[in-house]
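>>> give me coordinates for this.
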Amino acid sequence: MKRVVLLLLIAAGSVAAQTRDTLTLEDAVALGLANSRTLRASAERVAGAEARASEIHAGMLPSLKFEGSYRRLSDVDPFLVQLPILPQPIEISPTVLDNTSLRLGLQQPLFTGFRLLSNAQAADRLAEASISDHATDRADLVLNITAAYWTLYQTRETERFVADNVRRLKGYVQDIGNLLNAGMATRNDALKMDVQLSTARLSLIDARNDVQLAVMNLNTLLGRPVEAPLVPSSLPGVVQDSSSTSVDLLTAAALAVRPDLRALSSRVEASRASVRAAQAGWWPQLSLGANYYYSRPNQRYMPTRDEFKGTWDVGVMVTMDIWNWGQTARQTDQAGAALRQNELMYEQMRDGVALDVHRAALQVQAARERVDVANLGLEQAGENLRVSTDRFRRGLVTVSELRDAELALLQATITQSGARVEAEISRTRLARSLGNLGR
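Have a look, this model is predicted:
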């Protein structure tokens, strides 16, 4: 009974291991999003930008500060007054060597030429831009994982096709050996088939290396150990005809939701706010201040007393730059130049988005047509090999003709699989260009 339980546990562990090494495309994307250091760094940039915005907003609120100090003074003579009618001088102010001062101050900006408000608006827009950047990084990661996943699928399919080709060639070597013994083939024919088999074996080695490299690339994106085994379980879907959707409608939709375009739009708004903040130097600055002092001695009490006394003050302060050698004008010019740069980049990106959508839509349509052509070519190559194999075994075709038919089938299978994979990647690129990937 214990042996049966042990075998069941071993089998369950083996199945679990295989399950961990076999991933669907959806599982791979989820794993990559969870483990990506790049995405985590992008999220930290979002947190930093939001904290910066909160910090600038806090500058618009009242601030309360506490200060405390202690000083030991050198000894001096006290302040004395000598009256003629008195034999001894009168001490007006004693010498206090220990000075302690406590201050609680309140500051509130009243008017800053809209600098604080403009800086807060700029920080908010930059925080929004960082969030859009994070969405762009997420979409790029999903695209990279999807492309790497289907690349691994393609390399494994190529390995399988080449392995099947090697097995068929081994059968042909046996067939030609039988024909050679029967006097229906020459030694040269046998050598040609041996060379074909050796070439196929070399191709199989290359195909296996390509699989290992594809596994390492995908594992890197997923945050897994580089050499961990990985088997894709998803299959390319049926290619749909997307020609009925207007490219102009797709472009309009992309312009509305593309996160990279939204990020640059937010930076344009932040630049406008920065221009307003720079122009604040032309305005007077008005602030309210209130302080409470608790000192020993308190300098406002005369004569000086060696005891704690509390006093307070409230006031309004106005400052204005009368002449600063054009610093405000130059700061405004710099902010305006940055605004114009961002506006030009935004217009350029809009054109780039339109081009990206058109290109991706054309690639999807071309991929669909390539799949149709590849399916037809695979069907023809398979039928050609079947006929050629049958005729070869009857001695009606040469080894060269059979070899050509075999190579044509191998190429057709690889082309058909590659076309299906490219169709999947093209659809993902189209979703990325429309801003719908990773949302």
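>>> so where do the strands sit in the stretch 51-200 of the chain?
For the stretch 51-200 of the chain, the strands defined by DSSP state E, counting those that start in this stretch occupy 63-72, 79-81, 90-93, 98-111.
>>> return the most buried member of those.
Greatest average neighbour count among the strands of the stretch 51-200 of the chain goes to strand 98-111 (a mean of 14), per mean count of other Cβ atoms under 10 Å. Just so you know, the C-beta spots here come from the backbone N, C-alpha and C atoms, and that holds for glycine as well.
>>> for the residue nearest to Ser132 when sequence neighbours are not counted, what are its contacts?
Spatially, and ignoring its direct neighbours in sequence, Ser132 is nearest to Ala263 (3.6 Å; Cβ to Cβ, 6 or more residues apart in numbering). Taking Cβ atoms under 8 Å, 6 or more residues apart in numbering, we find Ala263 in contact with 128-130, 132-133, 136.
>>> so Gly289 belongs to a helix, correct?
No - assignment of Gly289 by DSSP: H, G, I helix; E, B strand; the rest coil gives strand, placing it outside any helix.
>>> beta partners for it?
Here Gly289 sits in beta bridges with Gln107, Gly315, going by DSSP bridges.
>>> ok, Thr100 next?
The partner list for Thr100 in beta bridges (DSSP bridges) reads Tyr70, Arg296.
>>> ok so Ala337 is a helix residue?
Yes - according to three-state DSSP, the state of Ala337 is that of a helix.
>>> hang on, the earlier thing: can you tell me the helix or strand for the residue nearest to Ser132?
Assigned by DSSP states H and E, Ala263 falls within helix 259-279.
>>> Val421 too?
When elements are assigned from DSSP H and E, Val421 belongs to helix 399-434.
>>> can you name every helix or strand that that helix contacts?
On a contact count with 3 or more Cβ pairs under 8 Å, 6 or more residues apart in numbering; DSSP states H and E, helix 399-434 meets helix 115-181, helix 187-222, helix 247-257, helix 327-393.
>>> of the contacts of Ala263, closest to Arg45?
Ser130 (5.3 Å; Cβ to Cβ).
>>> tell me how many other residues crowd Met216.
Per other Cβ atoms under 10 Å, the neighbour tally for Met216 reads 17.
>>> kindly apply the preceding question to Leu407 instead.
16.
>>> now the strands of the stretch 51-200 of the chain in JSON lines, with distance to Tyr301 and mean pLDDT?
Formatted as JSON lines, those follow (distance: least, Cβ to Cβ, whole Å; pLDDT from 0 to 100):
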{"stretch": "strand 63-72", "distance to Tyr301": "18", "mean pLDDT": "95"}
{"stretch": "strand 79-81", "distance to Tyr301": "14", "mean pLDDT": "78"}
{"stretch": "strand 90-93", "distance to Tyr301": "10", "mean pLDDT": "78"}
{"stretch": "strand 98-111", "distance to Tyr301": "13", "mean pLDDT": "94"}
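>>> for Arg52, find the nearest of those.
Nearest of those (Cβ to Cβ): strand 63-72, 17.7 Å.
>>> okay, which residue is most central for the chain?
Asp137 (2.3 Å; Cα atoms, centre = their mean).
>>> about what we covered before: ok, of the contacts of Ala263, which come out buried?
128-130, 132-133, 136 (16 or more other Cβ atoms under 10 Å).
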